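Novice: Provided below are the primary sequence and the corresponding predicted coordinates.
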Amino acid sequence: MSASYDQWLEFVFANPVRGREWYWDEDFDFRWAALELNDSLIVRYLTRLFLHPEALSSYSLDQVEQGLWFLIGESSPGSSSQALLRRETVLSERVACIHAISNFFRSFVLAVTDRDYDPNENRTENAVKCVCYMWWDIFPLHHYTHRHAPVDPALPAKLKTLLNARRAEVRKVEIEAEIYEATLKVMTEVLDLPSELCQFSALHGLGHWHDRFPERIEQIVEAFVARNKNLGPHVIEYASNARLGRVL
C-alpha cells in the first residue's frame, strides 16, 4: 500500500539536519521504494503541499530547507520533481502542481523570510532563503532551458554519476508547451510578490531561461522594472543582468 500524504511528509521533512543529508544514506533506496509512490501520487502530494504549506509548521526551517532540496533538486535521488515532466501523470495535474508553486511562495516563503534580500549575503543564516533563491536553478526544466557546463569533476563519484545519468534521462523527455507556459507564469507571479527574495528567485530563474525564450524573458523583466518604481539599486542591477541571461 502506498504511503499516505502524512507519511510522505514525515519521510521528507522529519529528518535530522546534517552535513551529509539523510537521502544519501545507504538505506535510502530501500526506504524510498517501501513508500510505493508512483508519479501521479507524487504530483498530488506536491500540489497539496504547495497549496497548504501550513503542514510544514511541525518542522524547523532547516528541516524544511533540507526537504525542499530533496523534492526539487536535480541531484535528489528521489527524483520527485521529475514527475512533473513525465507523462505517467495527466498533463492537467502536472500543470496544476506547477501553478501551485505561486501559492507556496506567497503563503510560506513570504511568512518565514525577510522582505529585504541580497543574493551575495551568507544565505546559510536562513537556509530556506538558499533553496528558494535556487528554486528555478535546480528545477528539472533547467536542463531544457539553459546550456550546461560539464559536471564538476571534483564532485563525489556517486553524485557525478547521478547527475550525468539524470541529464541523459531528462533529455529523452519531450516537454509539453503547457509545462513551459505554466512555469513562466509562476515565475512572473512570484516576481510581483512584495519580497526581494521572491524577486531575486524569479529573476534568477528567468535569467537561466533566456537561452530558450530570449524575447519573452526580456519582455517580462522590462515590464517588472517599469511597473515597480521603488526597486532597490541591487534589484535593478540583477534584473538588468537577468534580462540578458547573465546569471550564475
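Specialist: Cool, got the structure.

Novice: quickly find the element holding Phe50.
Specialist: helix 39-51 (DSSP states H and E).

Novice: would you mark the buried spots in the next helix or strand after that helix?
Specialist: As assigned by DSSP H and E, the chain's next helix or strand after helix 39-51 is helix 61-72. Within helix 61-72, the residues that qualify as buried are Gln63, Val64, Glu65, Gln66, Gly67, Leu68, Trp69, Phe70, Leu71, Ile72, counting by 16 or more other Cβ atoms under 10 Å. From N, CA and C alone the C-beta is placed, and that goes for glycine too.

Novice: with adjacent residues omitted, what lies nearest to Glu189?
Specialist: Sequence neighbours aside, Ser102 is the residue nearest to Glu189 in space, at 4.5 Å (criterion: Cβ to Cβ, 6 or more residues apart in numbering).

Novice: no, scratch that, I was asking about Phe11
Specialist: Leu35 (6.4 Å).

Novice: counting neighbours, what do you get for the one you found?
Specialist: Neighbour count for Leu35, taken as other Cβ atoms under 10 Å: 17.

Novice: over to it: give its phi and psi.
Specialist: Leu35 adopts backbone torsions of phi -70, psi -20, taken as degrees, to the nearest 10.

Novice: please list all residues in contact with it.
Specialist: Going by Cβ atoms under 8 Å, 6 or more residues apart in numbering, Leu35 touches Ser2, Ala3, Gln7, Trp8, Phe11.

Novice: next up, the contacts around the second one.
Specialist: Ala3 makes contacts with Phe11, Leu35, Glu36, Leu37, as judged by Cβ under 8 Å, 6+ apart.

Novice: can you check Val90 too?
Specialist: With Cβ under 8 Å, 6+ apart, Val90 has these contacts: Ser40.

Novice: gap between it and Leu35?
Specialist: 22 Å (Cβ to Cβ, to the nearest Å).

Novice: got it, and Val190?
Specialist: Noted for Val190: a distance of 30 Å to Leu35, by Cβ to Cβ.

Novice: what's the burial count for the closest residue to Ile236 other than its chain neighbours?
Specialist: Excluding its sequence neighbours, the residue lying closest to Ile236 (Cβ to Cβ, 6+ apart) is Val225, at 6.5 Å. When neighbours are defined as other Cβ under 10 Å, Val225 has 14 of them.

Novice: quick one, grab the pLDDT at the residue nearest to Glu189.
Specialist: Ser102 is assigned 98 on the pLDDT scale.

Novice: so which strand or helix has it?
Specialist: helix 91-104.

Novice: same thing with Cys130?
Specialist: helix 127-133.

Novice: point out the other helices and strands that the very next helix or strand once past that helix packs with.
Specialist: Next helix or strand after helix 127-133 toward the C-terminus (DSSP H and E): helix 135-138. Secondary-structure packing of helix 135-138 (3 or more Cβ pairs under 8 Å, 6 or more residues apart in numbering; DSSP states H and E): helix 61-72, helix 196-209.

Novice: now stretch 28-40: buried residues?
Specialist: Neighbour-count burial for stretch 28-40, counted by 16+ other Cβ under 10 Å, picks out Trp32, Leu35, Leu37, Asp39.

Novice: now that stretch: average pLDDT?
Specialist: pLDDT averaged over stretch 28-40 gives 96.

Novice: compute the first-to-last residue distance for that stretch.
Specialist: 21 Å (Cα to Cα, to the nearest Å).

Novice: just how off-centre is stretch 127-144 within its chain?
Specialist: With Cα atoms, centre = their mean, to the nearest Å as the basis, stretch 127-144 stands 4 Å off its chain's centre.

Novice: what stretches of the chain score poorly on pLDDT?
Specialist: Low-confidence segments of the chain, defined by pLDDT under 70: 122-126, 142-151, 163, 166-173.
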